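Novice: after the sequence you'll find the predicted model.
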Amino acid sequence: SSAAAVACPYTPALYWGCRPRGMSVEGPVVCPSEEPQRVRTLTIRPFDPPPKPPASFEDEALSFLSSCITSVFAKEPLPGGASRERVYRVVEGVCLGGGEVRLAGRFCDDCGRFARELLAGIAAEHNA
């Protein structure tokens with residue numbers, strides 16, 4: 001039969017831009033010279049729960065962030081050559097772990113302490 005001799009237009013050797021057989025936006029691809037292919041199915045399973053950070057993570061992270069704040073106010077490089085990306089990731093880890101309230105309180109305390117020290121230095125210069 002002449003239909004069997006016709007090359008399938010979806011084979012990669014003849015048409016490199018086509019999707020793999022059985023995968024199409026509109027539905028399964030059926031070559032005129034072949035039997036319909038089995039349609040592949042995609043099963044979506046829920047994610048496993050994310051792993052819990054170690055118990056000391058929040059305390060270590062808050063200590064690291066406090067030293068970063070100290071470095072910023074002292075106009076020094078971040079401790080240990082840390083990048084801003086690492087600082088961002090640590091903050092994200094603390095917040096995702098439920099420590100955002102402690103982080104905000106610690107941040108306000110550190111900034112307030114440095115503001116008081118700065119104002120005391122300015123007042124001492126002014127009074128001298």
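Specialist: Great, that's in hand.

Novice: roughly how far apart are the residue nearest the centre of the chain and F64?
Specialist: The structure's the chain has its C-alpha centroid closest to R89; by Cα atoms, centre = their mean the separation is 8.4 Å. R89 is 11 Å from F64, where distance means Cβ to Cβ, to the nearest Å. For glycine as for every other residue, the C-beta is placed from the backbone atoms N, C-alpha and C.

Novice: check I122 too.
Specialist: For I122 relative to F64 (Cβ to Cβ), the value is 29 Å.

Novice: need the pLDDT of F47.
Specialist: According to the prediction, F47 has pLDDT 82.

Novice: with R38 instead?
Specialist: 74.

Novice: okay, now the unreliable bits of the chain?
Specialist: Counting by pLDDT under 70, the low-confidence segments of the chain come to 1-37.

Novice: so which elements touch the longest helix seen in it?
Specialist: Longest helix in the chain by number of residues (criterion: DSSP state H): helix 100-127. Judged by 3 or more Cβ pairs under 8 Å, 6 or more residues apart in numbering; DSSP states H and E, the packing partners of helix 100-127 are helix 57-73, helix 84-96.

Novice: so which of those is the most packed in?
Specialist: Counting by mean count of other Cβ atoms under 10 Å, helix 57-73 has the highest mean neighbour count of the helices and strands packed on helix 100-127, with a mean of 16.

Novice: now what about that helix, what contacts it?
Specialist: When contacts are defined by Cβ atoms under 8 Å, 6 or more residues apart in numbering, helix 57-73 is touched by residues 77-79, 82, 87, 90-91, 93-94, 97, 99, 102-103, 106-107, 110-111, 114.

Novice: can you rerun that using 6 Å?
Specialist: 78-79, 87, 90, 94, 99, 106, 110, 114 (Cβ atoms under 6 Å, 6 or more residues apart in numbering).
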